[in-house]
Structures are given as structure tokens and as C-alpha cells.
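> Provided below for reference: sequence and predicted model.
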Amino acid sequence: MKEIAIKAIYAILGLNAGSGITYVDDKVYVISDNANVLYEYQIHNQQTIYHSLDNNPINHQLNKAEKYDLEAITKVDNQLFIIGSGSQANRSTAFNYNLNTQKTDTLSLQYLYETLQDFSEIPEKELNIEGVVKYKDDYIFLNRGNGPSQKNTLFVVQGKNLVDEFNTFYYEFDLPKLNNVPTGFSDAVVVNNHMFFIATAEDTSNVIDDGEIKGSLIGAIDLNKMKLLFTEVISNNQKFEGITLKSIDKKNVEFLLVEDNDDANVTESKIYSLTAKLKRKP
């Protein structure tokens, strides 16, 4: 990628701590790790619709002990698949939001997360799932390596379902530091056979507490070879937590990003456009 440009293009009222984003049919869907809300931003009229994921009243600021810590969203068929981080037992809930009926189903990923942690030998309290994508028939979960062991891991999950009939294998990646702080996976999107990801640097020693923001980078992984292709710094002072594809042609690609600025007083968050020229079609 080259000639990267980033600019703020949309603002979503009520959104605090944006953590995941996906683009579908001229609409931007965003989640927050503090809320029980699916934010639907309609580009054509610049309006935001709020959907409760758990059928409880809309709450933009759940307390830390009760929040789902929703960190990733991806489109699968006619549904949006939304997942918690798994960093604590109560953060293993997932939601399937049906785009046609606007109804939500809930499932528990606790057994899956326990299996991922045991299988990969990620130390206790260091599992921190920050992204999920669908690639062919498989799901890929991204673990953010912001714990002491710095395990940036891709988990490939195959099987009939994600609850109790699956098998998995994993790959670990070494990501560069930003401002002398390690970076960790924050989100990803699949484009053909490549996974474009963002990774953030945050000066903290555990996966629960926020730390001083040290920047964000974008990178790509060849999913056929499970090979890191490149990384490039996109900010030295912003924490981008979500990425989705908006458009692509032979020369250019446009992603949408959502930012988490770790400010509990924020009641409006911006969506950014990242455009870049492609060195070659991914």
C-alpha cells in the first residue's frame, strides 16, 4: 500500500469507545465495548438508529463489571456476528443480528474461548479476542497480544458450530512496536485471500485496563500462506479499534475505521476513511 490518507467523514451520536465496524449496503454498523447497542448509521440521510442487542433498554455506558466488552463484528450471510472479548467469564457472549428481521439471537462462546486459550497455551487472563472474520468456511479469531506474553494469535476455527462442535488451529505473529510499546491486533477484514488488519499500541501491562495510547498501524496477512506481508503506521496518537472495507478497484482501496479514544465523557465518535493506492491487487 502507498499514498495513504485518513480523514474523518461521519459522526455517530451516543457512541463511546467504538470497538468494531462493518459496512453493508450504504449503512455503517458499529459496536462499542461499553454498550449493549448496535449503532446503525445510515449514510444517505446521516441518521443513527440504535438497536438493543440484549432486549434491555439502550445503555451507552454499562459499568465495567457488567459490560459484554463487545469487540468485533462481521457480516455472515444475512446476519451480523458480534462477539465479546472473552477476557473475563462474563465477556464470552455473542450476538447474531438478523439484517432482515432486525431480531437478535444470543449464544455463549465460553467453551470455545476456553478451548482456544488451553490449546494455544495463552496464559490465564491474557485471552483478549479483538476481531473476527469469516474466510471461506472458517472463522478466524484475532487475539490481541497486549498481555505480558504478547501473543498476537490468529485462531482458525472449523466445524458445525462455534458452541460445541468445532476444531481449531492457530498461528502466532510478531508485530512491530510503536513508540517503544508493543502493538496488538485490534480488528481485521478479509479482501480476497488477504486479511487487512489494524493493530494498536497501548501502554498497559494487562488486557483489562486502558493505558496511554501510542498509535496504530495497518497491515496485511496472506491467508493462504499465513504470512505477514507488511505493516505501516497510520497514527502515533490514535487507537483505531475497527476496520471494514468500503470499496476497492484495481488501483485504490477505501477502508472505514472507528476510533476509541479512551474518554468516558465522549458522547459522539467519528468514523474515518482510510484510502490508499494499491501496489498490486490483493
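Everything's here; your move.
> any idea how far the nearest residue in space to Asn56 that is not next to it in sequence is from Thr101?
Spatial nearest neighbour of Asn56, excluding adjacent residues (CB to CB, 6 or more residues apart in numbering): Asn36 at 6.0 Å. The C-beta positions use only the backbone N, C-alpha and C, and glycine is treated the same way. Counting by CB to CB, to the nearest Å, the gap from Asn36 to Thr101 is 19 Å.
> again with Lys277
In this structure, Lys277 and Thr101 are 40 Å apart, going by CB to CB.
> so the residue nearest to Asn56 touches Leu53, yeah?
Yes - Asn36 lies in contact with Leu53 (CB atoms under 8 Å); the separation is 5.3 Å.
> please identify every residue contacting each of those two.
Listed contacts common to Asn36 and Leu53 are Tyr68; contacts here mean CB atoms under 8 Å, 6 or more residues apart in numbering.
> next, give phi and psi for Asn36.
Backbone torsions of Asn36, given as degrees, to the nearest 10, read phi -100, psi 30.
> that one - how many residues pack around it?
23 (other CB atoms under 10 Å).
> pLDDT wise, what is it at?
Looking at Asn36, its pLDDT stands at 97.
> residues contacting it?
Applying CB under 8 Å, 6+ apart to Asn36 gives the contacts 52-54, 56, 58-59, 62, 68.
> for Leu245, same thing?
23, 189, 191, 196, 253-256.
> drop anything exposed from those residues.
Neighbour counting with 16 or more other CB atoms under 10 Å marks 23, 189, 196, 253, 255-256 as buried within the contacts of Leu245.
> narrow those to those in strands?
Residues of the buried ones among the contacts of Leu245 located in strands (DSSP state E): 23, 189, 196, 253, 255-256.
> could you dump these into TSV and include pLDDT?
Shown next, in TSV, are those (pLDDT from 0 to 100):
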residue	pLDDT
Tyr23	98
Val189	98
Phe196	98
Val253	96
Phe255	98
Leu256	98
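> just name the closest of those residues to Asn265, please.
Proximity of these to Asn265 (CB to CB) peaks at Leu256, which lies at 24.2 Å.
> compute the distance between the closest one and Leu116, please.
28 Å.
> who has more neighbours, Lys277 and Thr101?
Neighbour tally, Lys277 and Thr101, criterion other CB under 10 Å: the higher count belongs to Lys277, 12 against 9.
> for that one, give me phi and psi.
Phi and psi for Lys277, reported as degrees, to the nearest 10, are phi -90, psi 140.
> Three-state assignment for the closest residue to it other than its chain neighbours, please.
With CB to CB, 6+ apart as the criterion, Lys277 has its nearest non-adjacent residue at 4.6 Å, and that residue is Glu3. With DSSP: H, G, I helix; E, B strand; the rest coil as the basis, Glu3 sits in strand.
> and Glu3, what pLDDT?
Glu3 is assigned 86 on the pLDDT scale.
> noted, bye for now.
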